[in-house]
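>>> Got a predicted model here, sequence first, then my questions.
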Amino acid sequence: AFNVSIEKVQELPPGHAIIIKKNGDVNISEVREPLERKACSFERIYFSRGSDRDIYSERKDLGKRVVPKILEAIDFDLRNSVFSFIPNTAETSFLGMVEGLESYLDEIKLQKIKELPTGSSDADLMNILEIKPRVEKLAIKDAKLRTFITQDDGRDELVEHVYDIT
């Protein structure tokens, strides 16, 4: 927006405002004493534009970083696991997670190929190359309804009306 490069975008300090005068002068001024900063850990990602380059990269990275915990949780059983996501903001992290799973599987495939005996058939090689995570879109978000941050005790009822499960 405003034809400004991402490197020039800065966060406005707490207690400050951007003041634009009639003559076009622009300055950042303290308008009240800044209070203690109490940002929510999700605030930066949740309230950002979905198309923000840095947020997109951060979400993908978070998805990749969760792969070791996922593999442990499923006891590394990728053949009997299905991976999905809750739309819409989780989709980018999900893509990063899938990339992380694919990288993990590339290492497994490489090792299995190295262990193949000389003269193995194309079918043996294809069995290894075909190993991939099963990825499905199971939850569909009703486009007319919003996702909200709420207390745990009221969340289930709200979510029931937002997502259809396949």
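Happy to help now that I have it. Please read all numbers here as calculations on a predicted model, not as lab measurements.

>>> Please enumerate the helices of the protein.
In the chain, the segments counted as helices under DSSP state H are 43-46, 53-65, 67-73, 90-115, 122-129, 152-160.

>>> got TSV for those helices, with mean neighbour count and mean pLDDT too?
Glycine gets a C-beta too; all of them are placed from N, C-alpha and C. Converted to TSV, the helices of the chain look like this (neighbours: other CB atoms under 10 Å; pLDDT from 0 to 100):
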stretch	mean neighbour count	mean pLDDT
helix 43-46	14	73
helix 53-65	16	90
helix 67-73	13	97
helix 90-115	16	95
helix 122-129	12	96
helix 152-160	10	61
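
>>> how about those, which one is nearest residue 84?
Residue 84 sits nearest to helix 90-115 of all the helices of the chain, at 7.6 Å, using CB to CB.

>>> Could you check the angle that closest one makes with helix 122-129?
Per axes from the mean of the first three to the mean of the last three CA atoms, to 10 degrees, the angle that helix 90-115 makes with helix 122-129 is 140 degrees.

>>> elements contacting helix 90-115?
helix 53-65, helix 67-73, strand 82-83, helix 122-129 (3 or more CB pairs under 8 Å, 6 or more residues apart in numbering; DSSP states H and E).

>>> Pipe these into a markdown table and attach distance to residue 135 per row.
Output for those, formatted as a markdown table (distance: least, CB to CB, whole Å):
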| stretch | distance to residue 135 |
| --- | --- |
| helix 53-65 | 12 |
| helix 67-73 | 13 |
| strand 82-83 | 5 |
| helix 122-129 | 17 |
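
>>> and of the ones you listed, who's closest to residue 90?
Short answer: helix 53-65, nearest of these by CB to CB, at 8.4 Å.

>>> Can you give the contact residues for the closest one?
Helix 53-65 is contacted from outside by 6, 44-45, 48-50, 89, 92-100, 103, using CB atoms under 8 Å, 6 or more residues apart in numbering.
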